[in-house]
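>>> Build me a model:
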Amino acid sequence: MITILPAQLQHTAAMMELIQELAIYEKEPEAVTVSLEHFQESGFGKNPVWLGWVACNTDNEVVGMAICYIRYSTWKGQRLYLEDLLVTESHRGKGIGKLLLDEVIQYAQEQQYTGVAWQVLDWNEPAINFYKKYPVVFDAAWVNCSINF
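Numbers count the residues shown, from 1 in each chain. Got it, this is the predicted structure:
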């Protein structure tokens with residue numbers, strides 16, 4: 001049995017392991033540079049910037065997670081941005097991703113946000129096929145931009 005819980009400070013070490021697993025899957029293991037301490041402060045410190053949920057199995061192990069933050073659109077208003085949705089490889093295909101995404105969607109609706117947005121790599125067919133089970137709009141018209149320091 002899987003339980004979806006709001007992420008707590010005690011989950012962050014396991015969540016960081018999942019983040020590293022995601023980076024390896026996305027072929028960029030060296031790209032994760034955030035420290036556990038910074039991750040914890042950013043979620044549970046004086047001014048938290050992210051919120052999330054974890055999927056725990058019967059042994060209370062974190063086997064999946066969703067991390068979000070509030071995004072503001074001048075056209076749409078407040079929206080929830082899904083930064084990461086991940087289920088550890090050994091637990092995929094068991095409906096855990098659906099439980100997590102449904103929790104994110106329900107939270108966004110309860111908070112009266114205007115929607116949920118996220119990105120998915122164009123080669124990640126398993127994720128794209130998963131998202132196609134929802135009324136998702138895929139928008140290839142935008143190009144990702146960033147400045148890194």
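>>> Next one, pLDDT for the residue nearest the centre of the chain please.
Centroid-nearest residue in the chain, with CA atoms, centre = their mean: Asp84, separated by 2.4 Å. pLDDT for Asp84: 97.
>>> Which strands border the strand or helix carrying it, and is each parallel or antiparallel?
Using DSSP states H and E, Asp84 sits within strand 77-87. Strand pairing for strand 77-87, using DSSP bridges, gives strand 62-73 (antiparallel), strand 116-117 (parallel).
>>> Can you lay out those strands as JSON lines showing mean pLDDT?
Below are the strands paired with strand 77-87 laid out as JSON lines (pLDDT from 0 to 100):
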{"stretch": "strand 62-73", "mean pLDDT": "98"}
{"stretch": "strand 116-117", "mean pLDDT": "96"}
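>>> Can you convert those into JSON lines and add a column each for mean neighbour count and distance to Val143?
In short, each C-beta sits where N, CA and C put it, glycine included. Listed next are the strands paired with strand 77-87 as JSON lines, based on neighbours: other CB atoms under 10 Å; distance: least, CB to CB, whole Å:
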{"stretch": "strand 62-73", "mean neighbour count": "19", "distance to Val143": "17"}
{"stretch": "strand 116-117", "mean neighbour count": "18", "distance to Val143": "15"}
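>>> Now distance to Ile105 too, for those strands, in a markdown table please.
What follows is these, written out as a markdown table (distance: least, CB to CB, whole Å):
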| stretch | distance to Ile105 |
| --- | --- |
| strand 62-73 | 10 |
| strand 116-117 | 6 |
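>>> residues touching Val87, list them.
Ala55, Val63, Gly64, Lys94, Ile96, Gly97, Leu100 (CB atoms under 8 Å, 6 or more residues apart in numbering).
>>> hmm, which two among those are most spread apart?
Farthest apart among those by CB to CB are Lys94 and Leu100. That separation is 11.6 Å.
>>> what about those two, which has more around it?
Of the pair Lys94 and Leu100, Leu100 is the one with more neighbours under other CB atoms under 10 Å, namely 23 against 15.
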